[in-house]
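Asker: the following comprises the amino acid sequence and a computationally predicted model.
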Amino acid sequence: MKVTLISHTPDALVLLLKTKNTRLANVDDNPGDWSPEKKQEHLDYMLDTIKSSWEFVDYVFEIEGVTRAFTHQLVRNRMGSYAQESQRTIDASNNGWLNPLENVAANSDEIFSTHHEYDLACATSFNIYSKLLQRGVPAQDARGVLPTATLTSITAKYNLRTLSDMAKLRLCTRTQGEFQNVFRLMREAVLEQHPWAEPFLEVHCVATGTCAFPRYGKKDCPVYVPEMDNTSVREVARQKFKVVRFEAVPIANGGKTM
């Protein structure tokens, strides 16, 4: 598995702050001239305001040595752009596969046997696939026998807003292991270039103090703590909301909406 950040928005922090400021009509104020302290102040403010400016910052990742099972999950995020190796046109005979039991300690005959059987099934599929190609069956038809564990590569582009939304769920322990691993590498690649983006790329419980999947969290998650259960707080808010009609009147002041 390998994740490479192959492209990202130049001067992303300045652009992020500029687009936020433009919304507030401070078009003559150049964030590039701000002090580091002022930039951080406005960056902290942006975490709790409208996220439209986040969409101006893009990241493009090259993701290699991952399974088709993973990429099927990845592309279901419809706010991304994708270019993937095509099994319809290539000969995938040498792509190989990922055995998810590879890193499981072989502390029992049952685990060892299951690991072996998984490899045997994949090897059989690839063997049949190669024979079909040799007999003239088009790759687009022969590919049907390949396992979803077949390794592939994909290029994916996301803006910061989408990446932030994905981080909340895909860094969660409920997410399938390969997806967690890939997203951790994506996060590391972004932070290597943009350390300021760390608060934008946090798992849901860290970002909000609540659990994204409370039924799972209460039962199985090692990160879950009882304070994440805000059921009673939500019920109080629900009752208040039923009888309240209020409309905010926001005013822009000093680059922030008060």
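Answerer: Okay, I see it. Just so you know, these numbers come straight off a predicted model, no measurement behind them. Residues are numbered from 1 along each chain as shown.

Asker: ok, longest helix in the protein?
Answerer: With secondary structure taken from DSSP state H, the chain has its longest helix at helix 109-134.

Asker: and it, what's its mean pLDDT?
Answerer: Across helix 109-134, the average pLDDT comes to 90.

Asker: can you pull the buried residues of that helix?
Answerer: Buried residues in helix 109-134, counted by 16 or more other C-beta atoms under 10 Å: 115, 118, 122, 125-126, 129, 132-133. To be clear about C-beta, it is placed using only N, CA and C from the backbone, and glycine gets the same treatment.

Asker: now do the helices in the stretch 101-250 of the chain.
Answerer: Assigned by DSSP state H, counting those that start in this stretch, the stretch 101-250 of the chain shows helices spanning 109-134, 139-142, 160-170, 177-193, 204-208, 214-220, 231-243.

Asker: quick one: closest of those helices to residue 2.
Answerer: Among the helices of the stretch 101-250 of the chain, helix 177-193 comes nearest to residue 2, with 7.9 Å by C-beta to C-beta.

Asker: now the closest one and helix 160-170, what's the angle there?
Answerer: Here the directions of helix 177-193 and helix 160-170 differ by 140 degrees (axes from the mean of the first three to the mean of the last three C-alpha atoms, to 10 degrees).

Asker: and the contacts of helix 177-193?
Answerer: With contact meaning C-beta atoms under 8 Å, 6 or more residues apart in numbering, helix 177-193 is reached by 1-5, 8, 59, 61, 63, 66-67, 69-70, 73-74, 98, 100, 163, 166-167, 170-173, 175, 197-198, 201.

Asker: list the buried residues in that helix.
Answerer: For helix 177-193, the neighbour count (16+ other C-beta under 10 Å) marks 178-180, 182-183, 185-187, 189-190 as buried.

Asker: can you redo the residues you listed as JSON lines with distance to residue 210 and pLDDT?
Answerer: Below are the buried residues of helix 177-193 laid out as JSON lines (distance: C-beta to C-beta, whole Å; pLDDT from 0 to 100):
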{"residue": "178", "distance to residue 210": "26", "pLDDT": "95"}
{"residue": "179", "distance to residue 210": "21", "pLDDT": "96"}
{"residue": "180", "distance to residue 210": "19", "pLDDT": "96"}
{"residue": "182", "distance to residue 210": "25", "pLDDT": "98"}
{"residue": "183", "distance to residue 210": "20", "pLDDT": "98"}
{"residue": "185", "distance to residue 210": "26", "pLDDT": "98"}
{"residue": "186", "distance to residue 210": "23", "pLDDT": "98"}
{"residue": "187", "distance to residue 210": "20", "pLDDT": "98"}
{"residue": "189", "distance to residue 210": "28", "pLDDT": "98"}
{"residue": "190", "distance to residue 210": "24", "pLDDT": "98"}
